[in-house]
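Visitor: Everything below, folded, please.
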Amino acid sequence: MLELLPMVFAAPGEALARAEAVLGDRPSPLHASVAHQVIGIWQRDFGDMRLALTHLRRARTWAARADSAEREADVLATLGVALVHAGRTRQGMDALGRGVERGTGHTRARVLFRRAYSWWVLGHHKEALEDVRRAIPVLRQAEDVIWTARALTLRATVHLALGSVERAVADFTAAEALWDTTGQEHDKADAVESRGLAAFRAGDVPAALRLLDEAEERYAKLGTPTFMLNIRRCEVLMAAGLAAEALTEADAAIRELDGMGGQSTRKAELLLAAARAARLAGEPQTAIARAALAVRLFAGQRRTWWETHARLVLIGARHAAGHGSGRLVADAAAVAERLAALGAPAAPEASLLAGRIALELGRTADSERHLAVAARSRHGGPPLARMTGWAAQALRAQAAGSTRGVLEACRRGLDVLDDHRMTLGASELRARATAQGAELAALAQKASLVSGRPRRLLVWSERWRATALSAPPTRPPADRALLSGMTAYREIAARAEEARMDGRPVPALEREQRRLEREIRSRTLHMRGEAPDGGDRFDVGRLLARLGDETSLVELAVLDGRVQVLLCGRGRVRRFEAGPLAAAETEAEHVQAGLRRLAHPGAQARLPVVEAAGRRLEELLLGPAAAHLGDGPVVIVPPGRLHRVPWALLPSLRERVLSVSPSASSWLRAKETAPPPGGRQVLVRGPGLATGGAEVPELAGRYGGATVLEHDDATVPRVLRELDGAGLAHIAAHGAFRADGPLFSSLRMADGPLIVHDFERLDRSPYRIILSCCDTARFATVGADELLGLVTALLPLGTAGVVACSAPVNDAAVVPLMVALHEALGTGLSLAEALRDARAGLPADALHRATGWAFTAFGAA
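Guide: Down below sits the predicted model:
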C-alpha cells in the first residue's frame, strides 16, 4: 500500500485512481491513512487546496487509529506543507514540528526534508539548509534514492536563492543522476525545470528557455499544473526583454490557480512575478496593484523574504508612476537593509532605487550613501547584477559632476551587457536585451551633450543603436522538428489565406497557425550565440574618411524629448538642435495617412497637404541643419521611432541621392561589404499581385542570364536556394508586416509565406535586394533603439543595400518606377542613385510622386 505514495510523482493520475479505489473497499486504518494522504498530496499540488486539507486531516485521524507513530509523523509532515501553502503558516510549522518529534530515524529525515522545504517556501533559507543538512546523511544511509534526490534538489534551490550558483549546479547534477535510476516522472520533470533555473542564474538565457520548455512538455504528458514553472519562466522572460509576455503568462496562471482553488503561496508568488513584469513592461499602475496584493498575501503567510521582495517592486512601481518623496526613499532604504540582512541578491537593486529617488529629490548626501552601497555589486555576480552596480556608479559620478566618471561607468556597464547579449543566438533576444542598457546609454548621451563635444555625442549615440545588426544572428539549427514546423506553418498559412480570399471562416486554421508560430519562435529563442564579441567598435575617424568631402551623414539622437542633429562630413561633426520628437512622430503619422490616400487615383487635391507636412517634418527633424547639407549624397540615420518617415518627401532631400541606415556603424559595414563573385541575378514573382508583377518579365529580358522564379517555381525552398549568395535579387510579392511578431513578417510565395526566420537561414543574403511591394520597410521598435523586420534581417547577413517600401502603394505605379530603377542600375549607379533618377523620371501626378516617396534605399550598395 505504501507504494502509492511515491506513485503520486511518478504517475499522478494512476495514483489518485488507485487511492480512491482503496477507500471504496473498507480499508484498514493504516491503508485508509495512506489513501487519504495520497489524495491529499494530489489535491495539494495539482488540485483544490480545501479538498487537500480535508483528506490530510482524515489521513492523520486514521494514522492515529492505526497506532503508528511513524505513519502519523509522515502524515503530519504532509499536512504541515499543505497548511503552509494554504497560508496557515503557524499551524503548518507546528504540524511539521510535531512530525519531527513523533518520527524516528528514516521517517524523521523525510519529515525534516519537508520542514526544510517549508522553510524555503517561507524564505527562511538558513533554517532550510540546517534541516536538509540533518536529513541527507540519514536518507543516504537508508539508500532512499527518491528522498535523497529530493533533498539535494531542495538544497540546490536554496543555494540559488542565495546566489550560490556553483553549489546549486553540483547538487542538481547529483540529484539528476539519482533520478535517472527511478521511474519518478514528475520528479524528473522538476529536475529539468531546476536545471533551467540554474542555467538562468548562471546567465545562460537560451539554455534556461530550452530546459523550461522541455520540463513543460514533460508535465503536460503527466497532466499536472506548472505554476512553479510559470513563475520561473516569467523571471527568464523578463531577463530576455520579454516583460509583456511574462505578464501575460503570470496573469493566465493566476486565473487558472484561482479557478482550481490552488495554493495561496503560489498565488502570491505569481502576483509578485506579474508585478515585476508589469513594471518592466511600462505598466506601473498594474504593477502597483499586483505588488500591493502580493505584499498583503505574503504578510498574512508570514513570509518575510517574499514580502520584502514584493515591497521592493511596489516601491519601484510607485516611483515609475511618478511618485517621489522622502518617505519613498526611507521605504526603499529599509527594504535594502532588510534584503541585505536576509542575504538576498536583490539588495543592491533596492539601494540603487533609494539612491535614485534621493538624487531626484536633490538629497545628495542620502543619494551618495545608498548609491555607494549599490555600486559595490559592479565587481561580481551575474551580468544584470553588475549592471545594477555600474548604473549606481554612473549616477554617483553624475551627482558629483564628473563627465569622465559617468562615461567610464556607462562604458563598463554596457560592456557587461554586450557580453551577456552575445550569448543570445536569436536576433529578437539580442535586440530586446538592449532595453537593460537604455538608462546607461541615455546617461552617457546627456553627459556628452553637456560636454559640448559633438564627436563624443556621436560615439555614444552609436554605442547603443541597432546593436543587434553588429553581428549575424546564430543560424537556426537544421533539426527536423524546426524544419518540419516551418514547412507546416507555410502550408497552414497558405490554406488560411486562400480561405480568407474565398470568404470562408478560418478559426481552426488560425489557431494552428498561432501554435506553430509559438513553436518556431520557441525553438529559435533556444539558440545560443556564437559571436565572441559585439563586433568592431565605432570609429568616428573611419566614418569621416569613408564619407569624404561629398557625402553627408545625418544621425538623429533624442535627448530629453528633443531631436539633436549630428551632421557628419567634410572631416567634422557638427550638432544642431531640431524640434520635439513627439511632434515629429505625430507629423509622420499624418504623412503616412496622406501617402495611403495618394496611392488611389483621384487624390490629386491631397498632394499639397502632404507636401506641406513634409516641410513641417523637415523643420522638426533637421531644423537648421537642413541649410548645411551641401549638394552631395545624404545618409540619414534616424532613431527607431522615426524609421517610417518617407525621407524623400522632405524638401531638402527630395532631389538628392538619399539612403537610410539603422546606424552609422551599419552604413560603414555595408559600404565595406564586397559583392559576391559572379553577381548572379534572381527575379521572383509571387502570386496574387494586381499587376501580376508586370516588371519581372521586362527585367528578365534586361538581365539575359537571370534566374526567374514565378508561378509554381516561386516556392520558399527554391527561392531561398537561389537567393543565397546572389549579387542582385528583385522580389515582386505581397508583403505583410506583423507588428505582433516582426520575425513572422513575410513575402507571399506560391507555397505560402517567406518569413524573416527563413531569411536567417541563408549563408549569405543577396548583395543588393529590391522589394517592390508594400510594407517591406516597416519595422518593430524594441529594446533601447533596435529594429526588427525584413530589411534589418538582411543587413547582418551580407546584404549591403535594399530598396523597400514603407507605405501602401499603387501596384500599377510601381512598375515604371522599378523598370527605371533597374535601367539606372545597369549604368553602374548605386541603389540610392538609381532610385533618385527613377523618381525623377516618373510622371509628375500625385499617384506617381507618392509612389516614389514611399520607397527608400537602405544601406550603401
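Visitor: tell me the SS of residue 352?
Guide: helix (DSSP: H, G, I helix; E, B strand; the rest coil).
Visitor: Grab the longest helix from the protein for me.
Guide: helix 480-501 (DSSP state H).
Visitor: helices and strands around that helix, which ones?
Guide: helix 507-525, strand 752-755 (3 or more CB pairs under 8 Å, 6 or more residues apart in numbering; DSSP states H and E). In short, each C-beta sits where N, CA and C put it, glycine included.
Visitor: Could I get the phi/psi values of the nearest residue to residue 85 once chain neighbours are set aside?
Guide: In space, and not counting its chain neighbours, residue 85 is closest to residue 263: 4.0 Å by CB to CB, 6 or more residues apart in numbering. Dihedral angles of residue 263 (phi, psi; degrees, to the nearest 10) stand at phi -70, psi 130.
Visitor: Could you tell me which residues make contact with residue 263?
Guide: The contact partners of residue 263, taken as CB atoms under 8 Å, 6 or more residues apart in numbering, are 44, 49, 85-86, 227, 257.
Visitor: Export those residues as JSON lines, with columns for distance to residue 556 and pLDDT.
Guide: Formatted as JSON lines, those follow (distance: CB to CB, whole Å; pLDDT from 0 to 100):
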{"residue": "44", "distance to residue 556": "58", "pLDDT": "91"}
{"residue": "49", "distance to residue 556": "56", "pLDDT": "91"}
{"residue": "85", "distance to residue 556": "54", "pLDDT": "93"}
{"residue": "86", "distance to residue 556": "57", "pLDDT": "92"}
{"residue": "227", "distance to residue 556": "46", "pLDDT": "93"}
{"residue": "257", "distance to residue 556": "47", "pLDDT": "93"}
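Visitor: out of those, which one sits closest to residue 766?
Guide: Distance ranking of the contacts of residue 263 against residue 766, using CB to CB, places residue 227 first at 47.9 Å.
Visitor: Pull the contacting residues for that closest one.
Guide: By CB under 8 Å, 6+ apart, the neighbours of residue 227 are 253, 256-257, 262-263, 266, 270.
Visitor: Next: residue 543.
Guide: Residue 543 sits in contact with 553, 568, 664, 668, where contact means CB under 8 Å, 6+ apart.
Visitor: ok, now with 10 Å
Guide: With contact set as CB atoms under 10 Å, 6 or more residues apart in numbering, residue 543 has these partners: 458, 462, 553, 555, 568-569, 573, 635, 664-665, 667-668, 671.
Visitor: Residue 282 too?
Guide: Residue 282 touches 243-244, 320, counting by CB under 10 Å, 6+ apart.
Visitor: Can you name the next helix or strand after the helix or strand encompassing residue 697?
Guide: Assigned by DSSP states H and E, residue 697 belongs to helix 695-702. As assigned by DSSP H and E, the chain's next helix or strand after helix 695-702 is strand 707-710.
Visitor: is it true that residue 488 touches residue 509?
Guide: No - using CB atoms under 10 Å, residue 488 makes no contact with residue 509, being 11.6 Å away.
Visitor: what about residue 412, how many residues close to it?
Guide: Around residue 412 there are 17 other residues, counting by other CB atoms under 10 Å.
Visitor: again, but for residue 399
Guide: 18.
Visitor: Pretty sure it sits against residue 355.
Guide: Yes - look at residue 399 against residue 355 with CB under 10 Å: they come within range, at 8.9 Å.
Visitor: Identify the contacts common to those two.
Guide: Common neighbours of residue 399 and residue 355 (CB under 10 Å, 6+ apart) are 367-368, 371.
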